[in-house]
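1. Test case, fold it:
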Amino acid sequence: MLMQIPNRTTLRKNEGTILSEKKSMKIAFLKKSFKAFGGAENYLATLIMNLKRENHEIHVLSSNWSKSPGVICHSIDTIPFNSTLSTLSFNRNVARALKTLRPDRIISFERTTCQDIYRAGDGCHREWLRLRGMVEGRLKRLSFNINPLHRTLLSIEKEIFSKTPVIVANSNMVKKQIINLYRVPEEKIRVIYNGVDLKRFSPENRAIWRDKLRTGYSIPSDIPLILFVGSNYERKGLSILLSSLSGIDREIKLIVAGRGNTAKFQRIAERHGATKRVIFAGPQREIERFYAAADIFVLPTIYDPFSNATLEAMASGLPVITTMNNGVAELIKNREEGFALQDMLDSGELSEKINLAISGAPFMGALARKKAEAQPIEKAASEFMDLIREEGDVPPKR
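-> Predicted coordinates for the structure are as follows:
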């Protein structure tokens, strides 16, 4: 049962300018893991920082959090034995905590069922399973129907999209999927792209880190360097990228940054004769150094609602190659900022596009940076703040 939300903001228009009568609200954010200065939470941290400046009372309900000045954190217990129990227990326990806290706005960045605004940052699990089924064997596909975690996520997802008053999609791709798969009225969904830190991710970093990082990995300055960034190598399409390297006849290097089954993908690289071309760098805290050293960025992902890494690469002045299953593809025009592949499994097409992107890197990289400049993280946070303040978007009963 959703709690009543007091009307706290009056918006009026005066000569095209929206004026806000801002009043302090108690705002609760739901995030299972909240690390205020971690890369994945940069969007949420920026949003919270801006809301604090308006003197709103900010609460974060999380099972794994780090202290942040001016933020009241509430520890939510979960059952840690497996992902299914952890997901169910977080949803149940956060709902109980909210009954006591009684915030004016509840904003969830997780699959929970007790919020006013849900940010569908993970997209649609139902769509992810469909796309994953295209690359898995028959037995694996059949297991999707009985796997407790998939059944749980699909059940919660259905409830979220049917009951949450306002849904934020981070791409039009995800918006269409929610509408098509769950028959959600279009007016319930707001598209707000992820933003990027344009100072941290900048072409100017090349002068600082390019030579140092290449020297550290023994990569000559004149060798084209491809960069792949992402955890969960399977979902991000690393196997397709590795298989595409055999179609590139020039000398190149590929750096793989992120967490994944390195041993498995080293064997895949060996199978395609690419062992000497690939460097597995592992997870990196200062990923901007790798963008600075690279010439192009490639992420042939099976499914990404909106890849932050792709936008970071664009902001860093790199041509990007991804698939149409990545929400960022909406910002890419083929042969300008890079390429968006129609077929995520066509390694031959990927080889061709890599060759073209390497040849046109300076031109495409400049256009990619220009496109990224229209998506600063401050803009994304501002649009989300406007949504929180809006009257009428959240019904008076919940």
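2. Per-residue confidence, the nearest residue to L245 once chain neighbours are set aside, what does it come out as?
-> Nearest residue to L245 in three dimensions, chain neighbours excluded: A274, at 4.3 Å (C-beta to C-beta, 6 or more residues apart in numbering). Just so you know, the C-beta spots here come from the backbone N, C-alpha and C atoms, and that holds for glycine as well. At A274, the pLDDT value in this model is 95.
3. Which positions within the longest helix that the chain contains qualify as buried?
-> When the chain is parsed with DSSP state H, its longest helix is helix 83-101. Buried residues in helix 83-101, defined by neighbour count with 16 or more other C-beta atoms under 10 Å: 84, 86-95, 97-98, 101.
4. roughly how far is that helix from the heart of the chain?
-> Relative to its chain's centre, helix 83-101 lies at 23 Å (C-alpha atoms, centre = their mean, to the nearest Å).
5. Who are the packing partners of that helix?
-> Here helix 83-101 touches strand 26-30, strand 57-62, helix 148-163, going by 3 or more C-beta pairs under 8 Å, 6 or more residues apart in numbering; DSSP states H and E.
6. wait, the residue nearest to L245 sits on S244?
-> No: applying C-beta atoms under 8 Å as the test, A274 and S244 come out as separate, 9.3 Å apart.
7. The two: which has the busier surroundings?
-> Set A274 next to S244 and count neighbours by other C-beta atoms under 10 Å: S244 wins out with 26 against 20.
8. Tell me the secondary structure at the more buried one.
-> helix (DSSP: H, G, I helix; E, B strand; the rest coil).
9. so it touches S347, yeah?
-> Yes: with contacts counted by C-beta under 8 Å, S244 reaches S347, the gap being 4.2 Å.
10. any idea how far H272 is from D295?
-> 21 Å (C-beta to C-beta, to the nearest Å).
11. Same question for R369.
-> Distance, R369 to D295, by C-beta to C-beta: 14 Å.
12. cool, and G338?
-> Here the criterion is C-beta to C-beta. By it, G338 lies 12 Å from D295.
13. what about these two, which has more around it?
-> Shown here are G338 and D295; by other C-beta under 10 Å, G338 has more neighbours (32 against 19).
14. and that one, what does it touch?
-> Shown in contact with G338 (C-beta atoms under 8 Å, 6 or more residues apart in numbering): I296, F297, M314, P319, V320, I321, T322, I332, A357, M364, A368.
15. could you dump those residues to a markdown table with pLDDT?
-> Output for the contacts of G338, formatted as a markdown table (pLDDT from 0 to 100):
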| residue | pLDDT |
| --- | --- |
| I296 | 98 |
| F297 | 98 |
| M314 | 98 |
| P319 | 98 |
| V320 | 98 |
| I321 | 98 |
| T322 | 98 |
| I332 | 98 |
| A357 | 97 |
| M364 | 98 |
| A368 | 98 |
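16. Buried ones among those?
-> I296, F297, M314, P319, V320, I321, T322, I332, A357, M364, A368.
17. who touches G121 in this structure?
-> Residues near G121 by C-beta under 8 Å, 6+ apart: F109, N170, P305, F306.
18. I'd assumed it was in a strand, is it?
-> No: read with three-state DSSP, G121 is coil and lies in no strand.
19. What separation do you get for it and L227?
-> 23 Å.
20. do V168 as well
-> In terms of C-beta to C-beta, V168 sits 29 Å off from L227.
21. and what of L30?
-> Distance of L30 to L227, computed by C-beta to C-beta: 33 Å.
22. just the helices in the stretch 151-300 of the chain please.
-> For the stretch 151-300 of the chain, the helices defined by DSSP state H, counting those that start in this stretch occupy 172-182, 211-216, 233-236, 238-244, 262-271, 288-293.
23. Who are the packing partners of the second one?
-> Going back to what we said before, that points to helix 211-216. helix 288-293.
24. Show me what the helix it packs on is in contact with.
-> For helix 288-293, contacts defined as C-beta under 8 Å, 6+ apart pick out 200-201, 205-206, 208-210, 212-214, 219, 225, 227, 229, 255, 257, 281, 284, 297, 312-313, 316, 318.
25. What are the buried residues along it?
-> For helix 288-293, by 16+ other C-beta under 10 Å, it's E288, R289, F290, Y291, A292, A293.
26. Quick check: the farthest pair among these?
-> Largest separation among the buried residues of helix 288-293 by C-beta to C-beta: E288 and A293, giving 10.0 Å.
27. Break this structure down into its domains, please.
-> 10-195+377-389, 203-372 (automatic domain parsing).
28. thinking S75 is in contact with H59, fair?
-> No: applying C-beta under 8 Å, one finds S75 not in contact with H59, separated by 11.8 Å.
29. So for those two, which residue has more residues nearby?
-> Per other C-beta under 10 Å, whichever of S75 and H59 has more neighbours is H59, with 20 against 12.
30. Can you measure across stretch 217-233, start residue to end residue?
-> 21 Å (C-alpha to C-alpha, to the nearest Å).
31. Low-confidence regions, this structure specifically.
-> 1-22, 35-41, 391-398 (pLDDT under 70).
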